[in-house]
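Visitor: build the 3D model from these lines:
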Amino acid sequence: MYVYIFCEYPAVIKFQGVIFGTVDNSVKFCNLDKPYPMTEICPLFGGENFNFYLNDEFLASPPKNVTVTDLKGGYFLRFSKKNDGAEFKILEQAKFQDATITAFTENGYKISLDTQSGFFAETLDFSPNAVQFYRGDGKNTGLIFALFNCKDKKILNVYKTHDPALIFSKQVDDFNADMQGFTIQENLKDLAKHSILINYAFDGSTIKETSRKVSRNEKFDREKLPDKLIPYAFTEEFLCGGDYAFYLSDGIKENADKLQSYFGDFLGVMPPPVFRQYDEIGLIYRISERKYSVEYFTFDVENGKITNIKKDG
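Guide: Residues are numbered from 1 along each chain as shown. Next comes the predicted model:
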């Protein structure tokens, strides 16, 4: 079995007690033969060892702090830090006229929201360093925004106070709310270094996207891309809702309205792993909590334009 192992903390990987290598916010590749050995992830700076067998049960239902991606021929395993915060401690609390929201630690990072119409609580799947709470006004009335600052990212959670619940969660680079709704900015690390501004509105029960503006880094010249990079530029542009038609031939443009159903709701783009064909492009899909899958596509390119798209088995 081909396996990629990623740890976001310094650790040693062992198979049947024998050290295979070390990882530190990096990836280790291995090819394992049956019967698959006992695998250990041993943190170098404190924390408990993580032991498991790469069997069907583990791959089908990964435990907390582990995500499994089916690469169709192998697997990518990601090991995240266990949430700290075993002791009870209030990180931040905000009291409004009709609601109180609290971020605290107690065997993990948690949120509680107490309102006039009910109570909501959740355990966060990330570890924030700080959080700021904002109460919505105007069309945002009935919302509480929680902007979490983590080590290397920001996450925006939005809670509604009537029948309290979490109704929106997204990693952001910037956030702003006004009387008409709220706006987030995402800065992507793709080929074009896209920046996306998305406006949202609250209809009383759900949050819906109302508009988006997609821009590219001014140094990115899509006219000069080599043919082998055009499929990546196209799928990344399609994913962020930009001007993906630029990369299509006239024949494909005629059926551009069918591309969404053809691709489905993918959330990322990746090059093929070593056991796939070199010209395949991988699209990443969320299957369930902590489980992902990759589907592969090939693209025919002529004169800088995509002339055919095929989904591979």
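Visitor: quick check: bridge partners of the nearest residue to Ser215 once chain neighbours are set aside?
Guide: Spatially, and ignoring its direct neighbours in sequence, Ser215 is nearest to Ser195 (5.0 Å; CB to CB, 6 or more residues apart in numbering). Where you see a C-beta, it was placed from the backbone N, CA and C, and this is true even at glycine. Ser195 has these beta-bridge partners by DSSP bridges: Asn187, Ser215.
Visitor: Ser195 contacts Asp174, correct?
Guide: No - between Ser195 and Asp174 there is no contact under CB atoms under 8 Å: 9.7 Å.
Visitor: settle it for me: which of these two has more neighbours?
Guide: Taking other CB atoms under 10 Å, Ser195 and Asp174 do not tie; Ser195 has more neighbours (17 against 14).
Visitor: how far is the host helix or strand of Phe52 from where the chain is centred?
Guide: Element membership for Phe52, per DSSP states H and E: strand 50-53. Using CA atoms, centre = their mean, to the nearest Å, the mean C-alpha position of strand 50-53 is found 25 Å from that of the whole chain.
Visitor: past that strand, which element shows up next along the chain?
Guide: Taking DSSP H and E, what comes next after strand 50-53 is helix 56-60.
Visitor: same for the helix or strand following that next one, what does it pack against?
Guide: Counting by DSSP H and E, the element after helix 56-60 in chain order, helix or strand, is strand 66-70. Applying 3 or more CB pairs under 8 Å, 6 or more residues apart in numbering; DSSP states H and E, one finds that strand 66-70 contacts helix 56-60, strand 74-79, strand 291-302.
Visitor: quick check: buried residues in strand 66-70?
Guide: Buried residues in strand 66-70, defined by neighbour count with 16 or more other CB atoms under 10 Å: Thr67, Val68, Thr69, Asp70.
Visitor: which of those sits closest to Ala121?
Guide: Thr67 (23.7 Å; CB to CB).
Visitor: which ones are touching the closest one?
Guide: Applying CB atoms under 8 Å, 6 or more residues apart in numbering to Thr67 gives the contacts Leu77, Arg78, Ser80, Arg290, Lys291, Tyr292.
Visitor: please repeat the previous calculation with a cut-off of 10 Å.
Guide: Taking CB atoms under 10 Å, 6 or more residues apart in numbering, we find Thr67 in contact with Phe6, Phe76, Leu77, Arg78, Phe79, Ser80, Arg286, Glu289, Arg290, Lys291, Tyr292.
Visitor: now the helices: where do they sit in the chain?
Guide: Assigned by DSSP state H, the chain shows helices spanning 56-60, 230-240, 250-253, 259-263.
Visitor: now render the ones you listed as CSV, adding mean pLDDT and mean neighbour count.
Guide: Converted to CSV, these look like this (pLDDT from 0 to 100; neighbours: other CB atoms under 10 Å):
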stretch, mean pLDDT, mean neighbour count
helix 56-60, 92, 12
helix 230-240, 97, 21
helix 250-253, 93, 13
helix 259-263, 96, 12
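Visitor: could you export the ones you listed as TSV, including distance to Lys311?
Guide: As requested, the helices of the chain are exported to TSV (distance: least, CB to CB, whole Å):
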stretch	distance to Lys311
helix 56-60	23
helix 230-240	13
helix 250-253	14
helix 259-263	8
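Visitor: which stretch among these approaches Thr206 most closely?
Guide: With CB to CB as the criterion, Thr206 lies closest to helix 259-263 of the helices of the chain, at 20.6 Å.
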